[in-house]
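Undergrad: Any chance you could fold what I've pasted below:
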Amino acid sequence: MKRHPRIGLLPMYLKLYDDTFPDLRYEFDNPLIKIVLEGFERAGVETVMSGICRQAAEFRKAIHHFEQEDVDLIATLHLAYSLSLESIDALAEARRPILLLDTTMDQAFGLDTDPSRIMYNHGIHGVQDLASLLVRRQIPFEIVAGHPRHSRFLQRAVAAARGARAARFFQNTRVLRVGESFEGMGDFAVEEDRLWNRFRITVDTMSPSMLADSVHSISDKEINQEMQSDRERFVCAAPEEVHRRSVRVGLGLRRYLEKGKYQAFSQNFLAFDSADGPVDTVPFLECSKAMERGVGYAGEGDVLTAALVRALQNGIGKTTFTEMFCPDWIGDTIFLSHMGEINPEVAAGKAWLIEKDFPWTPARNPAVLACAPAPGPAVLVNLAPGPGGAFRLIIAPVEVQPDTRNPAMRDSVRGWIRPQMVVERFLEDYSRLGGTHHCALVLGDHRRAVAAMGVYLGMERTILE
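TA: Here you go, the predicted structure:
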């Protein structure tokens with residue numbers, strides 16, 4: 001899956017300097033511009049370059065070029081002072097997030113510096129000029145200050161770009177809800193017109209029985225091919241009949257999603273209430289596979305978290321839907337799980353494909369994937385609806401712990417995380433912030449990228465660290 005963002009690099013300059021020192025601009029090509037471009041290339045970021053811009057017409061042309069090239073982010077690079085009133089209108093009209101690279105040519109400017117170096121290292125007050133206008137016009141932006149030879153600078157810039165890409169994937173998401181939202185669950189419930197007005201997220205709701213035609217359209221050949229693929233990818237321990245019916249219903253759901261151009265979905269397992277007909281089991285297996293393909297998912301009819309999972313998986317890193325289930329007060333960890341959904345891309349090893357007892361409705365037992373996420377740094381992310389139409393991103397850097405030592409637990413979706421504060425304090429702060437019981441887990445320490453996503457979506461952000 002391609003997660004690398006595409007950046008439009010916008011070098012900014014002053015016409016007065018061209019008029020007075022016409023050759024000076026070329027000295028910025030190497031090293032400053034070259035260092036930035038090479039740094040992004042090493043980070044796997046694709047960069048689209050504009051010409052050096054000084055006046056309003058040049059900025060408008062550059063922004064148009066970036067939009068044609070479909071960049072995820074516009075990164076400004078002040079080579080020297082640049083007049084904010086020349087660029088602000090074009091940037092205000094840009095349909096892309098903005099990142100200010102607050103940097104200079106030289107790494108040091110100390111007491112023994114030659115005064116001739118001022119001309120090469122004073123772009124920061126141009127950054128301040130532009131940032132002030134962006135704030136005044138309420139245009140969201142991120143800023144990264146430092147020298148491009150320092151790894152922290154480029155890492156933070158790439159994180160902002162990933163956040164911008166994730167923000168693009170969150171907006172305009174088309175979500176399918178299979179079954180109504182789980183009755184009585186209120187924390188993730190958001191009015192559909194509010195999702196549309198705020199994020200241009202659209203929601204369609206259907207009953208599982210409406211999948212019947214799509215399931216009927218799946219051929220035996222398609223089922224056999226998918227089952228063979230499962231045998232190659234997973235440790236298949238489910239009975240053949242259970243595996244087959246789960247694949248059949250799952251492929252029917254997949255076809256329905258693709259035909260409707262849905263980019264995320266949620267299901268209420270209680271809505272699958274029949275053991276007869278083509279839709280005779282809950283397609284948990286397909287929920288897991290869909291997340292791996294970049295389709296957003298969350299359980300119980302939670303379309304908000306489904307859209308979040310899509311954004312994080314496509315824009316930032318390996319992501320799965322999850323819930324905090326049980327605290328370990330002694331071990332200072334929290335157990336994560338869900339009924340039968342986990343993105344196999346996050347797994348520490350090969351996932352097991354097993355039969356899951358399903359006592360909740362008359363539907364037949366499904367096949368599910370059972371595994372634990374890979375140990376190491378990760379970020380637990382929650383999107384919490386707040387008062388007055390606000391939304392808050394709760395971002396918790398965590399350490400995923402090694403897998404269970406109890407063999408009886410290996411038939412479950414499972415994982416243990418250790419927050420950066422004691423569990424008691426973490427859970428208290430999380431609930432004070434209005435965190436819901438549905439989350440996303442992103443492997444890797446991507447807290448800055450997730451925070452940048454929140455900036456570009458105009459959300460409040462809290463990092464629990």
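Undergrad: So Leu312 is in contact with Ala167, correct?
TA: No: if you go by Cβ atoms under 8 Å, Leu312 and Ala167 don't touch, sitting 10.6 Å apart. C-beta coordinates here come from the backbone N, C-alpha and C atoms, glycine included.
Undergrad: pretty sure Arg54 is in contact with Asp19, am I right?
TA: No: at 9.9 Å, Arg54 and Asp19 do not qualify as touching, with contact defined as Cβ under 8 Å.
Undergrad: For those two, indicate the residue with more neighbours.
TA: Arg54 (24 against 9; other Cβ atoms under 10 Å).
Undergrad: which residues touch that one?
TA: 12-15, 18, 82, 86 (Cβ atoms under 8 Å, 6 or more residues apart in numbering).
Undergrad: Out of these, flag the one nearest to Gly126.
TA: For these, the closest approach to Gly126 (Cβ to Cβ) belongs to Ser82, at 4.4 Å.
Undergrad: Would you point out which residue is most central in this structure?
TA: Taking Cα atoms, centre = their mean as the criterion, Leu312 is the residue nearest the geometric centre of the chain, at 1.6 Å.
Undergrad: I'd assumed that residue was in a helix, is it?
TA: Yes: the assignment for Leu312, made by DSSP: H, G, I helix; E, B strand; the rest coil, places it in a helix.
Undergrad: ok, so what distance separates it from Leu270?
TA: Taking Cβ to Cβ, to the nearest Å as the criterion, Leu312 is separated from Leu270 by 27 Å.
Undergrad: mind listing the helices in the stretch 51-200 of the chain by residue range?
TA: Taking DSSP state H, counting those that start in this stretch, the helices of the stretch 51-200 of the chain run over residues 56-68, 84-93, 124-136, 151-170, 192-199.
Undergrad: Switch the ones you listed over to JSON lines; also include mean pLDDT.
TA: Converted to JSON lines, those look like this (pLDDT from 0 to 100):
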{"stretch": "helix 56-68", "mean pLDDT": "97"}
{"stretch": "helix 84-93", "mean pLDDT": "96"}
{"stretch": "helix 124-136", "mean pLDDT": "96"}
{"stretch": "helix 151-170", "mean pLDDT": "94"}
{"stretch": "helix 192-199", "mean pLDDT": "95"}
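Undergrad: deepest of those, which one?
TA: Of all the helices of the stretch 51-200 of the chain, helix 151-170 has the most neighbours on average by mean count of other Cβ atoms under 10 Å, namely a mean of 24.
Undergrad: Tell me how far it lies from the chain's centre.
TA: 10 Å (Cα atoms, centre = their mean, to the nearest Å).
Undergrad: buried set for stretch 287-303?
TA: 287-292, 294-303 (16 or more other Cβ atoms under 10 Å).
Undergrad: Ends of it, what's the gap?
TA: 13 Å (Cα to Cα, to the nearest Å).
Undergrad: pLDDT (mean, whole number) over it?
TA: On average, the pLDDT along stretch 287-303 is 97.
Undergrad: and what of stretch 318-327?
TA: Regarding stretch 318-327, the rounded mean pLDDT is 97.
Undergrad: What of stretch 21-30?
TA: 89.
Undergrad: How about residues contacting that stretch?
TA: 11, 13, 17-18, 52, 79, 105, 119-120.
Undergrad: Dump it to CSV, restricted to CA.
TA: Provided in CSV are the C-alpha atoms of stretch 21-30 (Å, rounded to 0.1, in the frame of the first residue of the first chain):
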residue,chain,number,x,y,z
PHE,A,21,21.6,41.1,-6.9
PRO,A,22,20.4,39.0,-9.9
ASP,A,23,22.8,36.1,-9.4
LEU,A,24,22.1,35.6,-5.7
ARG,A,25,19.1,33.4,-6.1
TYR,A,26,21.2,30.7,-7.8
GLU,A,27,23.3,30.2,-4.7
PHE,A,28,20.2,28.7,-2.9
ASP,A,29,19.9,25.8,-5.4
ASN,A,30,22.9,24.2,-3.7
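Undergrad: Would you mark the buried spots in it?
TA: Using 16+ other Cβ under 10 Å as the test for burial, stretch 21-30 gives 25, 28.
Undergrad: Show me how far that stretch is from its chain's centre.
TA: 39 Å.
Undergrad: For stretch 40-50, measure first residue to last.
TA: Using Cα to Cα, the two ends of stretch 40-50 sit 15 Å apart.
Undergrad: what comes into contact with that stretch?
TA: With contact meaning Cβ under 8 Å, 6+ apart, stretch 40-50 is reached by 4-11, 37, 61-62, 65-66, 69, 71, 154-155, 157-158, 161.
Undergrad: For that stretch, give the mean pLDDT please.
TA: Mean pLDDT, computed over stretch 40-50, is 93.
Undergrad: Then stretch 206-222?
TA: For stretch 206-222, the mean confidence score works out to 96.
Undergrad: go on, stretch 344-361?
TA: Averaging pLDDT residue by residue across stretch 344-361 gives 96.
Undergrad: quick revisit: find residues that contact each of Leu312 and Ala167.
TA: Common neighbours of Leu312 and Ala167 (criterion: Cβ under 8 Å, 6+ apart): Met453.
Undergrad: Please verify my assumption that Val381 contacts Ala311.
TA: No: Val381 is not in contact with Ala311 according to Cβ under 8 Å; the separation is 9.7 Å.
Undergrad: list the contacts for the nearest residue to Gln401 once chain neighbours are set aside?
TA: Of all residues not flanking Gln401 in the chain, Trp416 sits nearest, at 4.0 Å (Cβ to Cβ, 6 or more residues apart in numbering). By Cβ under 8 Å, 6+ apart, Trp416 lies in contact with 328, 331, 333-336, 400-401.
Undergrad: what's around Gln107, how many residues?
TA: Neighbour tally, Gln107, other Cβ under 10 Å: 12.
Undergrad: ugh, typo on my part, it should be Gln313
TA: Residues lying near Gln313 (other Cβ under 10 Å) number 31.
Undergrad: for Leu10, same thing?
TA: Count around Leu10 with other Cβ under 10 Å applied: 30.
Undergrad: Which helix or which strand is home to it?
TA: If you go by DSSP states H and E, Leu10 is part of strand 6-12.
Undergrad: Which secondary structure elements does that strand sit against?
TA: Packed against strand 6-12, as judged by 3 or more Cβ pairs under 8 Å, 6 or more residues apart in numbering; DSSP states H and E, are the following elements: helix 34-42, strand 46-49, helix 56-68, strand 73-78.
Undergrad: Please state the offset of it from the chain centre?
TA: Distance of strand 6-12 from the chain centroid (Cα atoms, centre = their mean) equals 22 Å.
Undergrad: Contacts for the following helix or strand past that strand, please.
TA: For strand 6-12, the following helix or strand on the C-terminal side (DSSP H and E) is helix 15-20. Residues outside helix 15-20 that contact it (Cβ under 8 Å, 6+ apart): 24-25, 54-55, 80, 119.
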